[in-house]
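In: Fold the following, please.
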Amino acid sequence: MGWPYLELDRFEVASDRGARARAPQQRTAVQDACRQHPGQHDRRNHAQEALYRCSTPNPRIFFSTTVAWIALCALAAHEAGATSPVHRPLRYHALAPIPLDPRPTPPHPTMSTRQLPGLNFAPLTLLLALCLLVASGCSTVELRRINSAEDQPNNVWVFFSIEQDGEPVPGLVADDFEIYEDGRLVSRFESRQVIQNPDVAAVMYTMLLLDMSGSITESGEVDALVDAARLFLERVGKTQKVSVYAFDGGEKIRPVVKFTDARESVEGGLEALRTYQPQDPSTNLHGAVVHGLRTLDAALHEDDRPLKFGTLVVFTDGTDRAARVSRDEMLDEAALPQYDNFELFAIGVGAEIEEAGLAEVGRDGTELAENKARVQQAFGSVASKIEAHSKRFYLLSYCTPARKGEHAVRIEASVTDEAKSKTAKGSLEYTFNADRFGPPPSCDASRKPAFKLDRDLEPIEEKEAAAADESHDDKSVDQANKPKK
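Out: Residues are numbered from 1 along each chain as shown. Purely as a prediction, here's the structure:
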């Protein structure tokens, strides 16, 4: 018996990365994930999607949501009057309100109904199940390992990001982390754990790509755009290098300010935009995104720090009109693995903007200004997101007590809310090799790391699942090739 199908058309689920995805994209992503897990394939309603998301990263939330599902099933069985499948169908109102008045209330005329074979589901059961979901405290802390390293005498470094419910988590200190090796807690006295400045190993660049096609330069609003761009670059330029490029209908983008952290260079380049004349008045939006990504990637590789993070912010007042590069070519370029650590934001203004097309450019966030007067506000909103995202990175360094062999390390973070009343936990896990570890010399936890960029960063659980799938596939192939008697 599969999961019941609940028609909850008005139920919204927060995306894993904040507001970057729309509800249909969320449903598609969860359905694709469920198809990869046999036995969990019929989670088609939004409440079940929320349970599926919340139960994956955090064991404690997994337990509470499992209890919620057990209670839901028990209530359903009780409603049906038996533990075996019931074959009489029952029509129910998916979003029917629960009346406070004891007198009967007719069904809402706009609510749809659906046949539900196999379970006798009453609206009260659904309400209680959703209450259990809310009570389970659906809040997740996710740690994502970006890179790690270990070296003699016994140093270990882990570079990772932390998000809670899709939002960056800044400001944690060394005491907010616990380190476990092979399931046993490593004392802070022995580990000497510290949080290093991520800048010692990582570099972050932001490119601002401005639409300077004829519709912009002839609108009389260039001055307002330049003023908004200046404020944006002043904020973002405090923590990373920034650049400004312009595009129109031409094949390539044009540099206005190359990557720099010098405020004078930024201001001088922006002033030149006030008199910018497009070479081609059309709009080569797709081509500009492709060339912008490549230019940003090339600039990052000129920095010798091993971990590289790029942000591309695109401003436009219309859709692609030049058709030099197709939509699919743009999306294929953005999906290349060298851009995995890139974030793309889009700012749109004017009536010509199509919101769906803007979201394809700004996969990590979009801002839509209804008129040019709100452009500065839109730029400020994107700047806030970039500032927050840059603070989600952590470089944890410690001295391991291990001296030989392979060891499983788990880093557990504790995130406490502002009221100091609730603490959520999340963790990451991987293995490292400690052969030939041990003093002398003495371990210095503040020593800078030397990350290798080609190492395997696949989590332990994903490796085990992949190995199991590969073994299953091999058996299936052998059985298929086995001659019939």
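In: is it true that residue 423 touches residue 415?
Out: Yes. Using CB atoms under 8 Å, residue 423 is in contact with residue 415, at 6.8 Å. Quick note: C-beta positions are derived from backbone N, CA and C, even for glycine.
In: Let me see the ranges of the helices in the protein.
Out: Assigned by DSSP state H, the helices in the chain fall at 23-35, 46-55, 59-80, 123-135, 188-191, 214-217, 222-236, 263-273, 285-300, 327-334, 355-361, 375-390, 460-481.
In: lowest-confidence stretch among these?
Out: If you rank the helices of the chain by mean pLDDT, helix 46-55 sits at the bottom with a mean of 39.
In: so where is the stretch 301-450 of the chain shaky, pLDDT-wise?
Out: 351-352 (pLDDT under 70).
In: Residue 198: how many residues sit nearby?
Out: Residues contacting residue 198 under the criterion other CB atoms under 10 Å number 22.
In: Out of residue 423 and residue 415, name the residue with the larger neighbour count.
Out: Ranked by neighbour count (other CB under 10 Å), residue 423 and residue 415 place residue 415 first, with 18 against 11.
In: For that one, give the beta-bridge partners.
Out: On the basis of DSSP bridges, residue 415 is bridged to residue 424.
In: ok, it - contacts?
Out: Contacts for residue 415 (CB atoms under 8 Å, 6 or more residues apart in numbering) come out as 141, 162, 164, 169, 172, 176, 423, 424, 425, 426.
In: gap between residue 195 and residue 173?
Out: Distance, residue 195 to residue 173, by CB to CB, to the nearest Å: 6 Å.
In: For those two, indicate the residue with more neighbours.
Out: Neighbour count, other CB under 10 Å: between residue 195 and residue 173, residue 195 has more, with 15 against 9.
In: how about the spatially closest residue to residue 355 that is not a sequence neighbour, what does it touch?
Out: Distances taken as CB to CB, 6 or more residues apart in numbering put residue 368 closest to residue 355, at 6.2 Å, once the chain neighbours are dropped. If a contact means CB under 8 Å, 6+ apart, then residue 368 has 347, 348, 349, 353, 355, 358, 378 as its contacts.
In: I'd like the distance between residue 368 and residue 382.
Out: 12 Å.
In: before we move on, what about residue 309?
Out: From residue 309 to residue 382 the distance is 16 Å (CB to CB).
In: okay, these two: which has more neighbours?
Out: The neighbour comparison of residue 309 against residue 382 (other CB under 10 Å) goes to residue 382, with 25 against 20.
In: List buried residues within the contacts of residue 368.
Out: Among those, the ones that count as buried by 16 or more other CB atoms under 10 Å are 347, 348, 349, 353, 358, 378.
In: Hmm, the fourth one is touching residue 320, no?
Out: The one in question is residue 353. No. Using CB under 8 Å as the test, residue 353 is too far from residue 320 to be in contact (11.8 Å).
In: what residues are shared contacts of residue 368 and residue 382?
Out: With contacts defined as CB under 8 Å, 6+ apart, the residues shared by residue 368 and residue 382 are residue 347.
In: How about the contacts made by residue 242?
Out: With contacts taken as CB under 8 Å, 6+ apart, residue 242 has the following neighbours: 205, 206, 207, 208, 233, 236, 257, 259, 260, 261, 266.
In: what does residue 173 give?
Out: residue 195.
In: try residue 240
Out: Residue 240 is in contact with 203, 204, 205, 206, 261, 390, counting by CB under 8 Å, 6+ apart.
In: Tell me, what's the model's pLDDT at the fourth one?
Out: On the pLDDT scale, residue 206 is placed at 97.
In: any chance of the contacts of residue 368 in JSON lines, with distance to residue 341 too?
Out: Converted to JSON lines, those look like this (distance: CB to CB, whole Å):
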{"residue": "347", "distance to residue 341": "22"}
{"residue": "348", "distance to residue 341": "25"}
{"residue": "349", "distance to residue 341": "28"}
{"residue": "353", "distance to residue 341": "28"}
{"residue": "355", "distance to residue 341": "26"}
{"residue": "358", "distance to residue 341": "22"}
{"residue": "378", "distance to residue 341": "24"}
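In: Determine which two of these are furthest apart.
Out: Maximum pairwise distance among these (CB to CB): 13.4 Å, between 355 and 378.
In: tally of neighbours for residue 340?
Out: Neighbourhood size, residue 340 [other CB under 10 Å]: 8.
In: List the residues that contact it.
Out: By CB under 8 Å, 6+ apart, residue 340 lies in contact with nothing.
In: how close does it sit to residue 308?
Out: Plainly put, residue 340 is 10 Å away from residue 308 if you go by CB to CB.
In: Residue 371 too?
Out: For residue 371, the distance to residue 308 - CB to CB - is 37 Å.
In: What separation is there between residue 431 and residue 148?
Out: Using CB to CB, residue 431 is found at 10 Å from residue 148.
In: who has more neighbours, those two?
Out: Per other CB under 10 Å, whichever of residue 431 and residue 148 has more neighbours is residue 148, with 22 against 14.
In: wait, isn't that one in contact with residue 157?
Out: Yes. Using CB under 8 Å, residue 148 is in contact with residue 157, at 6.4 Å.
In: list residues touching both of these two?
Out: Common neighbours of residue 148 and residue 157 (CB under 8 Å, 6+ apart) are residue 451.
In: and residue 380, what does it touch?
Out: Shown in contact with residue 380 (CB under 8 Å, 6+ apart): 231, 232, 235.
In: Out of those residues, the closest to residue 180 would be?
Out: Nearest to residue 180 among the contacts of residue 380: residue 235, at 38.7 Å, using CB to CB.
In: In contact with the closest one: list those residues for me.
Out: By CB under 8 Å, 6+ apart, the residues touching residue 235 are 380, 383, 387.
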